[in-house]
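Chemist: Predicted coordinates and the sequence they were generated for:
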Amino acid sequence: MTRNAKLKRRVRSRCAKTGESYTAALRHFLHTPDTPGFHSFPMAVAQTRFFDDPGDLPALRASGAEMRDLMKKARLEGARLLHFPEGTLCSPNKRIMSSLGRREIGPSDWSRCNWDAFRTEIEAIRALAGQLKLWTVFGAAHRLSEPHRPHNSLYVISDRGDLVTRYDERLLSNTKISFMYSPGKRPVTFEVDGFRFGCSLGMELHYPEVFIDYEQRDVDCVLFSTTGESPQTAFAAEALGHAASNSYWLSFSAHTPQSIVMPSGIADPAGQWAARCPHSEHAVLAMAHITIDPDSPAKPWRRKARSGLYAAFQIDGDPRSDETSLF
């Protein structure tokens, strides 16, 4: 019997009585004194309005103010970390940026971006993160020296207001790689309160290898941010699938237009939504306590299964094992 067998019986009993998912029922017991071995981390995921013109100063200021308002709300609700979408301040529109005009998509003219306004808003966000003692992860274009295109990035700001790392999207869409951004080179992880996080961005949810790699890096949660006015209907299913197949948490952050079919949320290691934002035209957030269960057999078994476990049990030399044999 494991150390947590008693707790697990209580959680399952509550599931039977209330109809809650296992994760939701577990959160009811997390802060009681008889839960040894479990670690809980309160985090929030944001769903923000969509801004797509990086030269629109009033819009950039409104976006920054919206982000800071959500940061305050998240901290009031007890969050240690707040996760925002791709291009939170602004997700530059490929037609607005096209040097050939809006009718034809061409190389992006990044002189149309108000970089001074970006810097001002990011500095205000960084300062507030330090004041609130809130880890803050948000998407923004990261300017490089000429003639290089920017990176499409996730900034990770610590609870001291420091930029601790930056993730640059690696697997870019055709438009992004052809006309807009420079790709990143490497995965990024960081740790908060004993929890390890990985970062992913854009359309990378379509690539299982990104998420398998993070499992091998022993993350507890992947923060995935995306953007756009048109929902990618497969994304919600893929997010749950990556969480379940890799036995970790996955935070999915997108903009309000996408909430029609795929609102922001936090998926648990069983592939269920532990928290989810509503469909809304306004900026909102959702909260969950992510946990580590040291006695869960799921992750160790998946690693063992992927390590060549089955080779010793496979049969060679028996005609009846031939794939074309019926009996």
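Modeler: It's in. Numbers count the residues shown, from 1 in each chain.
Chemist: rest of the way, CA atoms for contacts and neighbours
Modeler: Will do.
Chemist: would you list every one of the strands in the stretch 201-327 of the chain?
Modeler: Along the stretch 201-327 of the chain, the stretches classed as strands by DSSP state E, counting those that start in this stretch are 221-225, 249-253, 265-267, 273-276, 284-292.
Chemist: I'd like to know which elements the third one is packed against.
Modeler: The one in question is strand 265-267. With contacts taken as 3 or more Cα pairs under 8 Å, 6 or more residues apart in numbering; DSSP states H and E, strand 265-267 sits against helix 234-246, strand 249-253, strand 273-276.
Chemist: Specify the residue ranges that define each domain of this structure.
Modeler: 1-37, 39-312 (automatic domain parsing).
Chemist: In TSV, list these along with distance to D318 and mean neighbour count.
Modeler: TSV is the format used below for the domains of the chain (distance: least, Cα to Cα, whole Å; neighbours: other Cα atoms under 10 Å):
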stretch	distance to D318	mean neighbour count
domain 1-37	41	14
domain 39-312	15	19
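Chemist: Which one of the strands of the stretch 201-327 of the chain lies nearest to L100?
Modeler: For the strands of the stretch 201-327 of the chain, proximity to L100 was assessed by Cα to Cα; strand 221-225 is nearest, at 28.8 Å.
Chemist: Show me what the closest one is in contact with.
Modeler: Contact with strand 221-225 is made by 83-86, 139, 195-202, 205, 211, 214, 248-254, as judged by Cα atoms under 8 Å, 6 or more residues apart in numbering.
Chemist: Helix 234-246 and that strand, what's the angle between them?
Modeler: 170 degrees (axes from the mean of the first three to the mean of the last three Cα atoms, to 10 degrees).
Chemist: And the average pLDDT for strand 221-225 is what?
Modeler: For strand 221-225, mean pLDDT rounds to 98.
Chemist: next one: it to chain centre, how far?
Modeler: Distance of strand 221-225 from the chain centroid (Cα atoms, centre = their mean, to the nearest Å) equals 2 Å.
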